[in-house]
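Colleague: Here is my input; please provide its structure:
(chains A and B)
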Amino acid sequence: MSVLISSKKYESISSIEVIIAVSIFTMVMLGVLVSILSVVNTGTDLSKSIKATYLAEEGFEVMMNKKMANWSNVADGTWGLQLQSNIWQRIANQDVVDSLTRQVTIQTISNDTATNTVRKKITSSVAWDVNKNFSPSVLVTNWYDPVVIAGPGDWDNPTSGNYLNLTGNMTVRGMLIDGNRMYIITSGNLFIYDYSNPNSPTLLFNLTISGPLNDIVKYDHYLYIASDSNTREFVVVDLNTSTPTVTTQSLHASFDLNQLTILNDHLFVARDAGGSVNEFEVYDLIDPTHPHLIGGYEVGYNVNDFVINGNYAYITIERTSQNLRVIDITDIHSPHVIQTISLPGAYNANKIIQAGNNIYVSRVSYARVNKYSATNPASLTWVADLTTGGAVNDMDKLPDDSRLFLAVASTTNSFQVVDISGTNFTIKKTLNIGVAATTVEYSVPDDMIFLGTALSTNEVFKITPALWQ
Amino acid sequence: MRKYVGTTLIELLLYIGIVSVFLLALSSAWWMLSSAKNRNQVIEDVNQQSQAIVNLLNKEIRAASTLTSPANGTTSATLSLDAGATQIYLQSGDLYLKKGANAAVKLNSNFVSVSDFVVLNATSNSPKTLVTIEIQLTYKNPDGSREKTYSQRFYETISFR
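Modeller: Numbering: from 1, shown residues only, chains lettered A, B, ... in the order given. So this is what the prediction gives:
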């Protein structure tokens, strides 16, 4: 009996059975736990995956956009992308957004020098966690590059070089680039260049015109040139003929013409004072060879320059005080002054340019540029003064109003780049070309600047921006 | 003798203990699965909303001719295209699309709220306008459940065509 009891006792669960049971139970529970964790992480993974898709797309969009600006922006290499001062910039290697790492890799696939066709592969790769990666690629070519209007390069780091040597000993007094033509006026000549290849312009015509010549504009197939030559101060160059024909005339009154602007089929002129003649005038161009006076405003002093913005013209006067006026041209038949300002410092006002809601005025024999806010044209407010490297003979700007270019009457500070994107303006770069600059002209399609001088040879310099890094 | 063949109290307690642990584990697993399902549903809702909004922004921006606001290099809480003919803006936690004189249409569902809608005009010097958008979507969680508390920030950059 005791044996039976004892045997029953030993038939119960053995240690091995317990271990096996516990192991099975543990494995089942582990499996369940892993499954649960997997389900829990599914949502997070999906979220990161979608984020990765957006970031990769962003890599393409930014690079393709930069490619539109300049093909050189898609340089081979491995890059990250980063917003710096609200501008996307390439940075070395990679960038990290919310623990996702992005790398944009650019690789040249083929380069056909005969057709100047380059193919590149852009891979926008985003990695997260361990071994999780999304790496789409696109192929791009530079086919768009030759016809695209390139955006500006890095104008804070420009370089200069000789460009044109005009026939004779000339002083460049104005330049105009229009399509495949470059027009240059000097003291007594009009040079017309074939500008089809901006890097190698060829002279087409050298026309002698009584000067000195002060400004040049183009209207339809006519060039209008402002001259100091009395009774011949308005020059019309007819470009309809194979050889341009030059005619001169007195425009209403025989006093020097200083500045011309075409706006909405009207010609606006600024001239020297004399008699009771209006120094600021408006002409219609119904007959393009003989403008017809329709309105004017008598300043009483020489008007050196003007700029028109909306219904207002801002004129600079050759006077040491009360030398900036705002003219309301809402009714072009009857322009009238709405404000007169004395610029800081007793120096004549010279050139004027508008950028955004601000106007910038240079001075005669005074190394300053004055900045005024024209948000309310009837009440200009002074914003800041910039001390330049010399008196400023001419100004131009980038189309996005971020930089002002100065042609300076200084042998060492001939060309200056000014940052005008903020309230206060600062000089970003000064170039020493060894001679005073007389004119400056920015060519939008080519992103190049031409600087005129009074040198006896190589009168025109070319200034080009650095490539964006 | 029969007395020894049956289940002892200790064995019974042991079985009850094992079954209890097993049931506890099962109920915990069930609870975790249920929470995970709810959370995944929340994440799915937010992600779907983000995709719908980003797709719409893509479509509107690529079809636009001009970016009216924000100005180049600046940010704004309103995206204004084609002189204001198309506007996308944030109002009281909802994102709206307004086309011309038509009534504004809400872009997000009632399940999520939108915050930090920041539009950057990153065009710089490019001939093509470049818009960078940052947006945060938060799942509305009126009962305050821990697993339904979810917020996600998305970034997208779109270039004009």
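Colleague: May I have the secondary structure class of the closest residue to chain B within the stretch 251-400 of chain A?
Modeller: Taking C-beta to the nearest C-beta as the measure, the point where the stretch 251-400 of chain A comes nearest chain B is residue A:400, at 6.0 Å. All C-beta atoms are positioned from the backbone trio N, CA, C, and that covers glycine. Classification of residue A:400 by DSSP: H, G, I helix; E, B strand; the rest coil places it in coil.
Colleague: What mean pLDDT does the helix ranked longest in chain A get?
Modeller: Longest helix of chain A, by residue count under DSSP state H: helix A:15-69. Here helix A:15-69 scores 84 as its mean pLDDT.
Colleague: ok so, going back, got the contact list for the residue of the stretch 251-400 of chain A closest to chain B?
Modeller: A:152, B:72, B:125 (C-beta atoms under 8 Å, 6 or more residues apart in numbering or on different chains).
Colleague: Looking at those residues, spot the one nearest residue A:28.
Modeller: residue B:72 (62.5 Å; C-beta to C-beta).
Colleague: Residue A:82 reaches residue A:91, doesn't it?
Modeller: Yes: between residue A:82 and residue A:91 a contact is recorded at 4.8 Å, counting by C-beta atoms under 8 Å.
Colleague: quick one on the thing from earlier: ranking the contacts of residue A:400 by neighbours, who comes first?
Modeller: residue B:125 (23 neighbours; other C-beta atoms under 10 Å in any protein chain shown).
Colleague: Please list all residues in contact with that one.
Modeller: A:69, A:151-153, A:400, A:468.
Colleague: Confirm that it sits in a strand.
Modeller: No: according to three-state DSSP, residue B:125 belongs to no strand; its state is coil.
Colleague: quick one: it from residue B:16, how far?
Modeller: 78 Å (C-beta to C-beta, to the nearest Å).
Colleague: cool, residue A:202 as well?
Modeller: Following C-beta to C-beta, the distance that separates residue A:202 from residue B:16 is 104 Å.
Colleague: try residue A:265
Modeller: Look at residue A:265 and residue B:16: by C-beta to C-beta, they are 101 Å apart.
Colleague: Ok, residue A:36 next?
Modeller: 26 Å.
Colleague: Between these two, point out the one with more neighbours.
Modeller: Between residue A:36 and residue B:16, residue A:36 has the larger neighbour count (other C-beta under 10 Å), namely 18 against 10.
Colleague: Hmm, that one is touching residue B:33, no?
Modeller: Yes: counting by C-beta under 8 Å, residue A:36 touches residue B:33, with 5.8 Å between them.
Colleague: Identify the residue nearest the residue nearest the centre of chain A in space, chain neighbours excluded?
Modeller: Centroid-nearest residue in chain A: residue A:398, 3.6 Å away (criterion: C-alpha atoms, centre = their mean). Nearest non-adjacent residue to residue A:398, counting by C-beta to C-beta, 6 or more residues apart in numbering or on different chains: residue A:152, 5.3 Å away.
Colleague: For chain B, which helix or strand comes out least confident on mean pLDDT?
Modeller: helix B:2-5 (a mean of 56; mean pLDDT, DSSP states H and E).
Colleague: With adjacent residues omitted, what lies nearest to residue A:327?
Modeller: Closest to residue A:327 by C-beta to C-beta, 6+ apart is residue A:313, at 4.3 Å.
Colleague: Remind me what whatever helix or strand that neighbour lives in packs against, helices and strands.
Modeller: For residue A:313, the element it lies in under DSSP states H and E is strand A:312-317. The contact analysis (3 or more C-beta pairs under 8 Å, 6 or more residues apart in numbering or on different chains; DSSP states H and E) places strand A:312-317 against strand A:303-309, strand A:324-328, strand A:349-355.
Colleague: Show me which positions of it end up buried.
Modeller: A:312-317 (16 or more other C-beta atoms under 10 Å in any protein chain shown).
Colleague: Name the residue closest to the centre of chain B, please.
Modeller: residue B:46 (2.3 Å).
Colleague: Secondary structure element for that residue, which one?
Modeller: Using DSSP H and E, residue B:46 falls in helix B:9-63.
Colleague: list the helices and strands that helix packs on?
Modeller: Packing contacts for helix B:9-63, counted by 3+ C-beta pairs under 8 Å, 6+ apart, involve helix A:15-69, strand B:78-81, strand B:86-91, strand B:94-99, strand B:112-121, strand B:130-139, strand B:151-159.
Colleague: Work out the sheet partners of the last one and label each with its direction, please.
Modeller: When you say that, I think you mean strand B:151-159. The strands beside strand B:151-159 in its sheet (DSSP bridges) come out as strand B:130-139 (antiparallel).
Colleague: go on, the fourth one?
Modeller: When pairs are called by DSSP bridges, strand B:94-99 turns out to pair with strand B:86-91 (antiparallel), strand B:105-106 (antiparallel).
Colleague: and if you look at the fifth one?
Modeller: Take DSSP bridges as the rule and strand B:112-121 pairs in its sheet with strand B:75-76 (antiparallel), strand B:130-139 (antiparallel).
Colleague: can you put these in JSON lines and add mean neighbour count?
Modeller: Shown next, in JSON lines, are the strands paired with strand B:112-121 (neighbours: other C-beta atoms under 10 Å in any protein chain shown):
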{"stretch": "strand B:75-76", "mean neighbour count": "15"}
{"stretch": "strand B:130-139", "mean neighbour count": "21"}
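Colleague: And residue A:16, how far from residue B:11?
Modeller: Applying C-beta to C-beta to residue A:16 and residue B:11 gives a distance of 18 Å.
Colleague: For these two, indicate the residue with more neighbours.
Modeller: Taking neighbours as other C-beta under 10 Å, residue A:16 and residue B:11 compare with residue B:11 leading, 12 against 8.
Colleague: Which pLDDT value goes with the more buried one?
Modeller: Confidence score, pLDDT, at residue B:11: 84.
Colleague: Could you show which parts of the stretch 251-400 of chain A are in contact with chain B?
Modeller: Neighbours of chain B within the stretch 251-400 of chain A, by C-beta under 8 Å from any C-beta of the partner chain: residue A:400.
Colleague: can you give me the strands for the stretch 251-400 of chain A?
Modeller: A:257-263, A:266-271, A:280-284, A:292-297, A:303-309, A:312-317, A:324-328, A:336-341, A:349-355, A:358-363, A:366-373, A:381-387, A:392-397 (DSSP state E, counting those that start in this stretch).
Colleague: Mean pLDDT for these - can I get that in CSV?
Modeller: Output for the strands of the stretch 251-400 of chain A, formatted as CSV (pLDDT from 0 to 100):
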stretch, mean pLDDT
strand A:257-263, 93
strand A:266-271, 94
strand A:280-284, 94
strand A:292-297, 93
strand A:303-309, 94
strand A:312-317, 96
strand A:324-328, 95
strand A:336-341, 94
strand A:349-355, 95
strand A:358-363, 96
strand A:366-373, 95
strand A:381-387, 94
strand A:392-397, 96
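Colleague: could you dump those to JSON lines with distance to residue B:160?
Modeller: Formatted as JSON lines, the strands of the stretch 251-400 of chain A follow (distance: least, C-beta to C-beta, whole Å):
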{"stretch": "strand A:257-263", "distance to residue B:160": "28"}
{"stretch": "strand A:266-271", "distance to residue B:160": "33"}
{"stretch": "strand A:280-284", "distance to residue B:160": "37"}
{"stretch": "strand A:292-297", "distance to residue B:160": "40"}
{"stretch": "strand A:303-309", "distance to residue B:160": "26"}
{"stretch": "strand A:312-317", "distance to residue B:160": "31"}
{"stretch": "strand A:324-328", "distance to residue B:160": "36"}
{"stretch": "strand A:336-341", "distance to residue B:160": "38"}
{"stretch": "strand A:349-355", "distance to residue B:160": "23"}
{"stretch": "strand A:358-363", "distance to residue B:160": "27"}
{"stretch": "strand A:366-373", "distance to residue B:160": "30"}
{"stretch": "strand A:381-387", "distance to residue B:160": "32"}
{"stretch": "strand A:392-397", "distance to residue B:160": "23"}
